[in-house]
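Peer 1: Structure for this input, please:
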Amino acid sequence: MSFLAPLAWLGAALALPVILFYLVRDEPRRRIVSNFLLWAGHKAAVHESARWRKLRRIFSLLLQLLFLVLVLAALSRPVLPWADAERAGVVFVVDTSASMAATDESPSRAVVARSRLRDAIGALGSGDEAALLTTDPEILVGWTRNRQELRRAAEGYREGVVARDPRPALALATSLAAGRSGRVVFFTDGVWDRVLDPAEFPGVAFSKVGEEAPNAGITLFAARRSEATAVALTARVQRSARSDASPLKFLLKRNGELLDAREIALPAGGSWRGDWELQLENGADLEASVSGPGEDLLPVDNTFAFSVGPLRPVDVVLVSPPDRFIEAALEAIPGVNTTRIWPADGIRFGDPDKLWIFKGAVPPADFRFAGLVLIAPNESGFFGELRGEMSDPWISEWEAADPVTRFTGLGRVRATRALDILPPEGTTVFAASAGRPLIFGNWKSSPRWLVIGIDMERSDLVLRAAFPVLLANLVEGMRESQPLAAVGPDSVVTALHSNLPEDGKESVEAFRPASPLDWPLGNWFLLAAVLWVFVEWWTYHRRITE
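Peer 2: Numbers count the residues shown, from 1 in each chain. Below is the predicted model of the structure:
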């Protein structure tokens, strides 16, 4: 026999005070009475002999000590050798995909799966160990025999809002089970993006919850900034293969007010997509919802909402003499805070969070910046070697599709003076004059920098729309654009299509409730200790001779 908590036997020291109490003798007290009439019939009563009284006292002491031994044995959690050898290991895995919120099982698939898990925990044998995982994947409880810990974890986990790939969790579960020669029980509805290969996870028992059900919902609701104040919004609605063809109503709200309402005719298994371009300089709360007369068993994908933050301001420092053209172009760009500094001699370290524009000057060495624009620099630097002036400059080629120069129309710009600068290797050339760089730099990775070799006073660049558009493109490159990303469940969840392998759809056996025969050995010791209290009371406190 082995003990899981052998330190409990230190409580054997309590036997000393128990023995000490029995060694203390009670001396009868002497009392003076008026007569002996009350004891007249007492002589006929049967009295215990001194020998029996002494023996009964020793017997009571042994019973008390045995009671203490039984309690300590229960606290030490004993395990018989054969029970330890027959110990089984079970790894429970629970699917936390959003599809588990479907209501085809009452009240939902998730509640049914949780109930089955509780039954499975209650059916564990006295020597069984178990672990509990979710498909996040997350280990909620490692190997343990503590049923209360398992039950608390079974009540505490939460369902997700997307489809979960079960393979990482099953791989972890089979690895844990292999170390205990155990098994894996997976509670799931099988709504994944692919069919599992049964050979990949042998020995996994599936407890399937729910069947394919009718449903329609939003599978994509997202936004990203496309320009300074414009936001591109996208929504997609999908129907499951088991749904009917009843019309659906799609509603789009901005800050609680209805922005668009559309009636959508979707066949079973079909999808619809809508796109909008919104002006949201100050941000907004956006909400999309879909409803219809047909049966819908997954309410979690019918409404989604999120917030688009306000336009992130960009701080621009203009290092230049007063220039009404550049300052006016910057003021026209939304979300730009401009500060002008001159002369440039007082600038030393810069600011790594700002966009700096130097006209006719260059920053000092080790200058820090988030973005740097050099207009007609007066000397060489990290950006290239200044070799003089160009003869007959003109823009012969330019990148019309690049985010830096798109919509500028640089081909119409005319100049009579431009600097001949040799940029470092790997620099992107956005505009050139017969192969000689006029506008070049690196605006795709941080820190961003750009050189404009055209002389503003000796060209019509600032008189055309090309210059403010170019500055607006540069500012947009400084902003952290919000990528197009799905909000809410994907199409796998809304489809409610089960991808359980055909040879893996058998359900696990019904879990029988634990019987007293499955009790741990310590529980039997504790029961024996309780019974021993009554034995001791009967043999000592109650007079057997009466």
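Peer 1: C-alpha from now on. contacts and neighbour counts both.
Peer 2: Noted.
Peer 1: partners of Thr339 in the sheet?
Peer 2: Beta-bridge pairing for Thr339 (DSSP bridges): Val317.
Peer 1: Give the burial count for it, as a bare number.
Peer 2: As a burial measure, Thr339 scores 12 neighbours (other CA atoms under 10 Å).
Peer 1: how far away is it from Leu355?
Peer 2: Relative to Leu355, Thr339 is positioned 10 Å away (CA to CA, to the nearest Å).
Peer 1: Give the residues shared as contacts by these two.
Peer 2: Residues touching both Thr339 and Leu355 (CA atoms under 8 Å, 6 or more residues apart in numbering): Asp315, Val316, Val317.
Peer 1: residues in contact with the second one?
Peer 2: The reference is to Val316. Val336, Asn337, Thr338, Thr339, Lys354, Leu355, Trp356, Ile357.
Peer 1: In ChimeraX, select just the buried ones from the residues you listed.
Peer 2: Buried members of the contacts of Val316, defined by 16 or more other CA atoms under 10 Å, are picked up in ChimeraX with:
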select :336,354,355,356,357
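Peer 1: can you redo the contacts of Val316 as TSV with pLDDT?
Peer 2: Shown next, in TSV, are the contacts of Val316 (pLDDT from 0 to 100):
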residue	pLDDT
Val336	92
Asn337	93
Thr338	95
Thr339	94
Lys354	94
Leu355	95
Trp356	96
Ile357	97
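Peer 1: dump the residue contacts of Glu138.
Peer 2: With CA under 8 Å, 6+ apart, Glu138 has these contacts: Ala169.
Peer 1: ok, now Ala163?
Peer 2: Ser97, Ala98, Ser99, Val191, Trp192, Asp193, Pro489, Asp490, Val492, Val493.
Peer 1: Please produce TSV containing those residues, extended by pLDDT.
Peer 2: As requested, the contacts of Ala163 are exported to TSV (pLDDT from 0 to 100):
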residue	pLDDT
Ser97	89
Ala98	88
Ser99	90
Val191	90
Trp192	86
Asp193	81
Pro489	60
Asp490	75
Val492	87
Val493	88
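Peer 1: Could you tell me how far the strand or helix carrying Leu20 lies from the centre of the chain?
Peer 2: Assigned by DSSP states H and E, Leu20 falls within helix 15-23. Helix 15-23 sits 59 Å away from the centroid of its parent chain (CA atoms, centre = their mean, to the nearest Å).
Peer 1: going forward can the numbers begin at 768, since that is how I track them
Peer 2: With 768 as the first residue, the last one maps to helix 782-790.
Peer 1: Now do the helices in the chain.
Peer 2: 782-790, 817-842, 848-852, 876-889, 914-923, 934-946, 1091-1098, 1233-1245, 1258-1262, 1288-1303 (DSSP state H).
Peer 1: Where among those helices is average confidence lowest?
Peer 2: Of all the helices of the chain, the minimum mean pLDDT falls on helix 848-852 (a mean of 49).
Peer 1: from the contacts of Val1083, which is closest to Phe954?
Peer 2: Ranked by distance to Phe954 (CA to CA), the contacts of Val1083 are led by Lys1121 at 53.3 Å.
Peer 1: Who are the contact partners of the closest one?
Peer 2: Taking CA under 8 Å, 6+ apart as the criterion, Lys1121 is in contact with Val1081, Asp1082, Val1083, Val1084, Phe1136, Ala1137, Gly1138.
Peer 1: Tell me how many other residues crowd Ala980.
Peer 2: 21.
Peer 1: so it touches Glu1062, yeah?
Peer 2: No. Using CA atoms under 8 Å, Ala980 is not in contact with Glu1062, being 9.0 Å away.
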